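Chemist: Quick check, what structure comes out for this input:
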Amino acid sequence: MPEIELAKPLVRAMQIYRRVARHDLDQGTRRALARHMRGMADQGVHDPGRLTVCGLSYLRQLNRQRDRERS
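Modeler: Model prediction:
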């Protein structure tokens, strides 16, 4: 999947997350999200909407892990 096609769902996932979580993603999290979404695309997920949902699910998972580590 060309980078341009992956960029739109990546940016969309970050924008939605930013609105819901009310904070920006740090650089490490943005990189991890991009790697995750690239992996999904390499596995055959090419629908932009599905990639966005997968990205949001991944961010939610990361949030839950960090919450567990804090408590």
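
Chemist: Enumerate the positions of the helix of greatest length in the chain that are buried.
Modeler: The single longest helix within the chain, with elements called by DSSP state H, is helix 48-70. Residues of helix 48-70 classed as buried: 48, 51-56, 58-59 (neighbour count, 16 or more other CB atoms under 10 Å). For glycine as for every other residue, the C-beta is placed from the backbone atoms N, C-alpha and C.

Chemist: show me the residues around A34 that make contact.
Modeler: Residues counted as contacts of A34 (CB atoms under 8 Å, 6 or more residues apart in numbering) are 6, 10.

Chemist: mind redoing it with 7 Å?
Modeler: Applying CB atoms under 7 Å, 6 or more residues apart in numbering to A34 gives the contacts L10.

Chemist: Helix or strand: which one has it?
Modeler: Here A34, judged by DSSP states H and E, is contained in helix 27-42.

Chemist: Repeat that for V11.
Modeler: Counting by DSSP H and E, V11 is found in helix 3-21.

Chemist: and that helix, what does it pack onto?
Modeler: helix 27-42, helix 48-70 (3 or more CB pairs under 7 Å, 6 or more residues apart in numbering; DSSP states H and E).

Chemist: among those, which is nearest P9?
Modeler: For P9, the closest of these is helix 48-70, at 3.8 Å, according to CB to CB.

Chemist: Show me the contact partners of that closest one.
Modeler: Here helix 48-70 makes contact (CB under 7 Å, 6+ apart) with 8-10, 12-13, 16-17, 29, 33, 36-37, 40-41, 45.

Chemist: nearest spatial neighbour of the spatially most central residue of the chain, skipping sequence neighbours?
Modeler: Centroid-nearest residue in the chain: G55, 3.0 Å away (criterion: CA atoms, centre = their mean). Leaving aside its chain neighbours, G55 sits nearest to A13 (3.4 Å; criterion: CB to CB, 6 or more residues apart in numbering).
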